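Asker: Have a look at this fold, sequence not included:
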């Protein structure tokens, strides 16, 4: 079969790899119909996190079951399914508590020895626990929005939940990438009163407004706190979502939080540790929560709203490519010509 | 009047200072009957935080109202009162939300220009909002426990609340100082199922057990995580209270937290920033909450249990001195001959 591989910084290829196949009685074999490129894939693309030469890549996909192992109980050939970006056994204490990302038997698509999502097929461990069955009558137009639940929409939602967003909250989102934009959607869905976004790109600012942001501020890091004070009578925001992962973004999150505020951080840390200001957290009683989203737990909560159209993250996809053009999809995101690339098999 | 002053590292004096007096219509003049020395006073004593030569010191006290300004409504001469370690106006948005430590007009006893708690009298700003009236029939034996609510018991409670302790929680406390021991009491009061304490001193371990700790582990920092895994079937603790403020203590807190766990940090940061491990927080979805305790908010919640005897932090005081012997009280705490020094005027 063909799948996307990474051979070094900027070196994404689509090449022949061994066919995906059932290896365990709890596996499912999924033919991928839709996948996408994540902002976190760009860290590997840019050489900022290491990958083995030829390692698979891609961790967001949806598809159709081609075969299941003897112990798979809830899925069968022909079912449409969505995969969260982590597989997990579904039976350990962490899975039972809704945190499959801490399952001792978890793994990530594209881990060495595992299939990646940006390929023709994937062997899915613990299929009953890992995959979410989709309605058979799903319209193809709905798939981009559904696919966003594989990671990015659940990540934005986790940021909002971790920031304590609820009905009437004043919320600020640091970052206008796909995660930040999904955080806007999530905050709106949770009933936020006012949502502000600190953005860097005019095109993304438009999506933020479309997603429900009341204020979109194109600001340098140094002036973020001042803007936040102006918007909040000097107090800052009680709910802050850090959706980038850099030191500047975390420092901005600390600076704009109101006393007693909560920062939901979902940007994968790439330097953000140095933006943490523990003394400011102490003096102002800030809470820092978040982390890797337990997407498998959130998907069933969010899927009904996606299917009804009440929650529509599809506009984050502004480029669609076929499998052979995945390298172009990476380049477009790296150059910021695309916000997020959808891969249609 | 006489009051305690600090002139440099190790140089604590009791000397004549200008009499406390009403300066504003919302002030009260309080004659101090009981005060104490805080672990955070030792940072100044050891020269690790700067003080002006001759600056007042001490921020925990109780006493009797000697006089009130014209606009003080709820207090009068002769009332017994307890002071939290911060004064605040009681009217700003932060005060109204229960966070007087973020009041823009707040101040700390011993700030330059303000009286300290370790003296004969204190001018109390915003007296109605700042002070808590005590029952007139209070027995003198109850005063040490009541005085603990000025800071240390409320700080321990804030650690437990911030760590999400509730009925049935498994809790670990990092630190066996007075704050850590009060955190044990607070966790027990909130209904914790099992409480473990990482301690350094056998005498304090005994107090921890008396306060309700189920496990007291005298362990080096390097072995803390291993001990925690043994006590929790490998998972770690869902509620962790960091009651020291050093890098080792914060690193230990991160290491012993279960996936999805909450760390309540109430040790004043003195290096603990470098113990924060944001990547571990991200991967395991840890929450870091806490900070300076809003004692004024907690005192009315905890005082009834102290008055009934259900909550008795008094054993943290293991040395009592008069005003003239305050320097000895500091030295005893600095040498770890005393856990916490009570000052009886």
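Answerer: Ah, there it is. Just so it is clear, the structure is predicted and the values come from calculations on it, not from any experiment. Numbering: from 1, shown residues only, chains lettered A, B, ... in the order given.
Asker: Contacts only, for residue A:98.
Answerer: Contacts here follow CB atoms under 8 Å, 6 or more residues apart in numbering or on different chains; on that basis residue A:98 touches A:294, A:297. Where you see a C-beta, it was placed from the backbone N, CA and C, and this is true even at glycine.
Asker: quick one: pLDDT of it?
Answerer: You'll see residue A:98 listed with a pLDDT of 97.
Asker: The helix or strand of chain A with the lowest mean pLDDT near chain B anywhere?
Answerer: Least confident helix or strand, chain A: helix A:224-231 with a mean of 91, by mean pLDDT, DSSP states H and E. No. If you take CB under 8 Å from any CB of the partner chain as the test, helix A:224-231 misses chain B, and the best it gets is 12.5 Å.
Asker: What number of residues are in the vicinity of whatever residue of the stretch 151-300 of chain A ends up closest to chain B?
Answerer: With CB to the nearest CB, the shortest gap between the stretch 151-300 of chain A and chain B falls at residue A:259, namely 3.4 Å. Counted with other CB atoms under 10 Å in any protein chain shown, residues neighbouring residue A:259 total 21.
Asker: now for the very next helix or strand once past the least confident helix or strand of chain A, which elements pack on it?
Answerer: Sequence order places strand A:237-242 as the next helix or strand after helix A:224-231, per DSSP states H and E. Judged by 3 or more CB pairs under 8 Å, 6 or more residues apart in numbering or on different chains; DSSP states H and E, the packing partners of strand A:237-242 are helix A:152-162, strand A:170-174, helix A:178-189, helix A:247-256, strand A:257-265.
Asker: Export these as a markdown table, with columns for mean pLDDT.
Answerer: Shown next, in a markdown table, are the helices and strands packed on strand A:237-242 (pLDDT from 0 to 100):
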| stretch | mean pLDDT |
| --- | --- |
| helix A:152-162 | 98 |
| strand A:170-174 | 98 |
| helix A:178-189 | 98 |
| helix A:247-256 | 96 |
| strand A:257-265 | 98 |
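Asker: need the contact list for the residue nearest the centre of chain A.
Answerer: Geometric centre of chain A, nearest residue: residue A:152, 2.2 Å, by CA atoms, centre = their mean. By CB under 8 Å, 6+ apart, residue A:152 lies in contact with A:38, A:39, A:60, A:178, A:179, A:182, A:313, A:316, A:340.
Asker: Chain A against chain B: which residues are in contact?
Answerer: Residues of chain A lying near chain B by CB under 8 Å from any CB: A:93-94, A:97, A:99, A:101-102, A:162, A:235, A:250, A:259-260, A:265, A:268-269, A:272-273, A:276-279, A:281-292, A:294.
Asker: circling back: test my guess that the residue of the stretch 151-300 of chain A closest to chain B contacts residue A:235.
Answerer: Yes. Residue A:259 lies in contact with residue A:235 (CB atoms under 8 Å); the separation is 7.3 Å.
Asker: any common contacting residues for these two?
Answerer: Residues within reach of residue A:259 and of residue A:235 at once, by CB under 8 Å, 6+ apart, are residue B:94.
Asker: Would you mind checking the average pLDDT for the longest helix along chain A?
Answerer: For chain A, the helix with the greatest residue count under DSSP state H is helix A:295-308. Per-residue pLDDT over helix A:295-308 has a mean of 98.
Asker: got the angle for it vs helix A:152-162?
Answerer: Using axes from the mean of the first three to the mean of the last three CA atoms, to 10 degrees, one finds that helix A:295-308 and helix A:152-162 are set 110 degrees apart in direction.
Asker: So which elements touch helix A:295-308?
Answerer: strand A:132-133, helix A:143-147, helix A:152-162.
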